[in-house]
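Colleague: Quick check, what structure comes out for this input:
(chains A and B)
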Protein chains: 2
Amino acid sequence: MRVLLVFAHPEPQSLSASLRDVAVQELEAAGHEVRVSDLYAMRWKSQVDRADFPALAPNERLQPVAASKAAFATHTLTDDVRAEIEKLLWADALILQFPLWWFAMPAILKGWVDRVFAFGFAYGVGEHSDKRWGDRYGEGTLAGKRAMLIVTAGGWEEHYGARGVNGPIDDLLFPINHGILYYPGYDVLPPFVIYSTDRFDEARFEAAGQQLRVRMRTFETAALIPYRRQNGGDYHIPSMELRADLGATDLSGFALHLRRAAD
Amino acid sequence: MRVLLVFAHPEPQSLSASLRDVAVQELEAAGHEVRVSDLYAMRWKSQVDRADFPALAPNERLQPVAASKAAFATHTLTDDVRAEIEKLLWADALILQFPLWWFAMPAILKGWVDRVFAFGFAYGVGEHSDKRWGDRYGEGTLAGKRAMLIVTAGGWEEHYGARGVNGPIDDLLFPINHGILYYPGYDVLPPFVIYSTDRFDEARFEAAGQQLRVRMRTFETAALIPYRRQNGGDYHIPSMELRADLGATDLSGFALHLRRAAD
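Modeller: Numbers count the residues shown, from 1 in each chain, chains lettered A, B, ... in the order given. This is a model prediction of the structure:
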């Protein structure tokens, strides 16, 4: 398997970097080929702006969606973005690894998504009609590939629990797992999350490393998050609302979009 | 009232910029004083890195939380960050305005949060003990001030509905409204969201502008999102889990953290 790991921590000597090395070693030991996009080391440009669209005339209004569509179609995306797209097409699997800052990914990684996930590549793909609303949420350019998150959080695990004050970690990560990874087609694995990272001694690192090694060894076979396919019949088209007879009546929020045995 | 509006769209001629101007005009017409941080115009630096902590020795390991704490305490944050902190302290109200990109804020705005919301200012504030877990979620440096989001989304409103495939907009914005605004103390107003922005004609702009003007006129008086206060008795401390007798039994996910009349 070919794996791309996109890494977004500024410090080479961080806990995050040590965990990244554990993941890479374990994948390579199992015979997988791994490439790493270390965004800070690459001095990745975070913000979408005019410089991303060299074909845009100087006095032309920048409409990000239209500009992305035109640049992808005419092969005029910038070299750094094209290189990342090549890596995503090369890889059978994607890992995004980042510290959870303000309950989301760091800006530099968000900027990798904003810039690399071009129209025609990661969105705006496929037929839009009364029968299907594009190739997305389980279909799309990256369908058939696997993806997962490796996340380090400073807060306590209980604070991210089902009734914890921060909100459940699976809900906090839904916009990424469902909205960024599943959207362009990835099969998404449950995330690997470690907590209380400010108090990490050697014993905890050893334990976390062992758990991470297991996750890397089972990357190809582990059960996926059972998100519903958009065009599989569960949603009305084009309103894309879940059919009234699906999802338990006591469910609300993001959990509705998980397939259940009863459906 | 003094209002800071933080704006994150790269195009001065965009729909977003036109809506920003409507909001500013309406606020000023009502006698409020408004300042705008136009992040693209300011060439805001998005990513947290070593350059944010000039006091850090060249060979010292960068630990973002510890570095933020030290820089805030010793007044060695960079000038751009200090200027934003001054604006936040000056303002009675904060508006974050942005296009929804990949179900979250653009990288440049996430970078404003990551860099400006320093330890000792927006987090790491107050006593941490068996009785209270810091001044956060309804308490903190920015308590008593109001905040709201102005969001433009390309997708259809139905796709962001209670059963829409993207997930409910209020849940998608929870990590921002609750995790970024309520956390350091803001009273948070329901967001102003417009959809299907790629097909915006003059009639729709006129209607959206009118709705936005109403929201600006009612900024000081509108009802807040009724998030629970962390230290108000609803949560066990220090696990910060919601008491078992609170929240309807049919609730899960983020909705548990809204106060209900029955509680």
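
Colleague: going forward, measure contacts between C-alpha atoms and count neighbours the same way
Modeller: OK.

Colleague: all helices for the stretch 1-150 of chain A, in order.
Modeller: For the stretch 1-150 of chain A, the helices defined by DSSP state H, counting those that start in this stretch cover A:15-29, A:64-73, A:79-90, A:107-116.

Colleague: Which among those helices is found nearest to chain B?
Modeller: Comparing the helices of the stretch 1-150 of chain A by their distance to chain B (Cα to the nearest Cα), the top pick is helix A:107-116, with 4.6 Å.

Colleague: So the residue sitting nearest the centre point of chain A: helix, strand or coil?
Modeller: In chain A, the C-alpha closest to the average C-alpha coordinate belongs to A:Leu181, at a distance of 4.0 Å (Cα atoms, centre = their mean). The local conformation at A:Leu181, judged by DSSP: H, G, I helix; E, B strand; the rest coil, is helix.

Colleague: Burial check on A:Asp245, number of neighbours?
Modeller: 9 (other Cα atoms under 10 Å in any protein chain shown).

Colleague: any chance of the helices of the stretch 1-150 of chain A in CSV, with mean neighbour count, mean pLDDT and distance to B:Arg61 too?
Modeller: Below are the helices of the stretch 1-150 of chain A laid out as CSV (neighbours: other Cα atoms under 10 Å in any protein chain shown; pLDDT from 0 to 100; distance: least, Cα to Cα, whole Å):
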stretch, mean neighbour count, mean pLDDT, distance to B:Arg61
helix A:15-29, 18, 98, 11
helix A:64-73, 18, 97, 37
helix A:79-90, 15, 98, 28
helix A:107-116, 24, 98, 19
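
Colleague: Columns distance to chain B on top of those helices, output as JSON lines?
Modeller: What follows is the helices of the stretch 1-150 of chain A, written out as JSON lines (distance: least, Cα to the nearest Cα, whole Å):
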{"stretch": "helix A:15-29", "distance to chain B": "10"}
{"stretch": "helix A:64-73", "distance to chain B": "9"}
{"stretch": "helix A:79-90", "distance to chain B": "15"}
{"stretch": "helix A:107-116", "distance to chain B": "5"}
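
Colleague: Identify the residues contacting the residue nearest to the centre of chain A.
Modeller: Shown here is A:Leu181, whose contacts under the criterion Cα atoms under 8 Å, 6 or more residues apart in numbering or on different chains are A:147, A:187-188.

Colleague: Mind pulling up the pLDDT for it?
Modeller: In this model, A:Leu181 is scored at 98, pLDDT.

Colleague: try A:Thr249
Modeller: Predicted confidence (pLDDT) for A:Thr249: 69.

Colleague: Chain B contacts on the stretch 51-200 of chain A?
Modeller: A:61-63, A:101-104, A:106-111, A:113-114, A:156, A:158-159, A:161-168, A:171-172, A:175, A:179-180 (Cα under 8 Å from any Cα of the partner chain).

Colleague: Pull out the buried members of these.
Modeller: Neighbour counting by 16 or more other Cα atoms under 10 Å in any protein chain shown classes A:62-63, A:101-104, A:106-111, A:113-114, A:156, A:158-159, A:161-168, A:171-172, A:175, A:179-180 among these as buried.

Colleague: Tell me who's in contact with A:Asp187.
Modeller: The neighbours of A:Asp187, taking Cα under 8 Å, 6+ apart as the test, are A:138, A:143-147, A:181, A:224-225.

Colleague: The same query, at a cut-off of 7 Å, please.
Modeller: If you count contacts by Cα atoms under 7 Å, 6 or more residues apart in numbering or on different chains, A:Asp187 has them with A:144-147, A:224.

Colleague: contact partners of stretch A:193-202?
Modeller: With contacts defined as Cα under 7 Å, 6+ apart, stretch A:193-202 is touched by A:150-157.

Colleague: Can you tell me which of those comes closest to chain B?
Modeller: Using Cα to the nearest Cα, A:Trp156 is the member of those that lies nearest chain B, at 7.9 Å.

Colleague: List the residues that contact that closest one.
Modeller: Neighbouring residues of A:Trp156 by Cα under 7 Å, 6+ apart: A:195-196.

Colleague: can you confirm it is in a strand?
Modeller: No: residue assignment for A:Trp156, taken from three-state DSSP, gives coil, which places it outside any strand.

Colleague: Please report how far it lies from B:Ala143.
Modeller: With the distance defined as Cα to Cα, to the nearest Å, A:Trp156 ends up 24 Å from B:Ala143.

Colleague: cool, and A:Glu158?
Modeller: Using Cα to Cα, one gets 25 Å for the distance from A:Glu158 to B:Ala143.

Colleague: what about the helices in the stretch 151-263 of chain A?
Modeller: When secondary structure is read from DSSP H, counting those that start in this stretch, the stretch 151-263 of chain A shows helices at A:169-172, A:174-176, A:202-217.

Colleague: Please work out which of those helices is packed deepest.
Modeller: Mean neighbour count (mean count of other Cα atoms under 10 Å in any protein chain shown) peaks for helix A:174-176 among the helices of the stretch 151-263 of chain A, with a mean of 22.

Colleague: what's around the spatially closest residue to A:Ile169 that is not a sequence neighbour, how many residues?
Modeller: In this structure, A:Ile169 finds its nearest non-sequential neighbour in A:Tyr160, 5.2 Å apart by Cα to Cα, 6 or more residues apart in numbering or on different chains. Taking other Cα under 10 Å as the neighbour definition, A:Tyr160 ends up with a count of 22.

Colleague: roughly how far apart are A:Tyr160 and A:Ser196?
Modeller: Taken as Cα to Cα, the spacing of A:Tyr160 relative to A:Ser196 amounts to 11 Å.

Colleague: rewinding a little: out of the helices of the stretch 151-263 of chain A, which gets nearest to B:Gly120?
Modeller: In terms of Cα to Cα, the element of the helices of the stretch 151-263 of chain A nearest to B:Gly120 is helix A:169-172, at 24.0 Å.

Colleague: Render the CA-only coordinates of that closest one in PDB, please.
Modeller: Extracted C-alpha coordinates of helix A:169-172, given in PDB (Å, rounded to 0.1, in the frame of the first residue of the first chain):
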ATOM      1  CA  ILE A 169     -14.600  14.100  19.800                       C
ATOM      2  CA  ASP A 170     -16.400  12.200  17.000                       C
ATOM      3  CA  ASP A 171     -18.700  15.200  16.500                       C
ATOM      4  CA  LEU A 172     -15.900  17.700  16.700                       C
END
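
Colleague: avg pLDDT for it?
Modeller: If you average the per-residue pLDDT over helix A:169-172, you get 98.

Colleague: Contacts for it next, please.
Modeller: By Cα under 7 Å, 6+ apart, the surrounding residues in contact with helix A:169-172 are A:103, A:160-161, A:254, B:175, B:253.

Colleague: do that again at 8 Å, thanks
Modeller: Outside helix A:169-172, the residues that reach it (Cα under 8 Å, 6+ apart) are A:103-104, A:160-161, A:254, B:175, B:253-254.

Colleague: repeat for stretch A:206-221
Modeller: Counting contacts by Cα under 8 Å, 6+ apart, the residues outside stretch A:206-221 that touch it are A:19, A:22-23, A:26-27, A:30, A:146, A:192, A:194.

Colleague: need the contact list for the closest residue to A:Phe103 other than its chain neighbours.
Modeller: Take A:Phe103 and drop its neighbours on the chain: the residue closest to it by Cα to Cα, 6+ apart is B:Pro175, 6.0 Å away. By Cα under 8 Å, 6+ apart, B:Pro175 lies in contact with A:102-104, A:172.

Colleague: 10 Å - rerun?
Modeller: Under the criterion of Cα atoms under 10 Å, 6 or more residues apart in numbering or on different chains, the contact list for B:Pro175 reads A:102-104, A:166-167, A:171-173, A:175, B:104, B:181-183, B:254.

Colleague: what do you get for A:Asn231?
Modeller: A:Asn231 makes contact with A:131-139, A:237, A:240, according to Cα under 10 Å, 6+ apart.

Colleague: ok, now with 7 Å
Modeller: Under the criterion of Cα under 7 Å, 6+ apart, the neighbours of A:Asn231 are A:Arg132.

Colleague: Tell me the spacing between it and B:Arg204.
Modeller: Look at A:Asn231 and B:Arg204: by Cα to Cα, they are 30 Å apart.

Colleague: Same check on A:Met216?
Modeller: The spacing between A:Met216 and B:Arg204, counted by Cα to Cα, is 50 Å.
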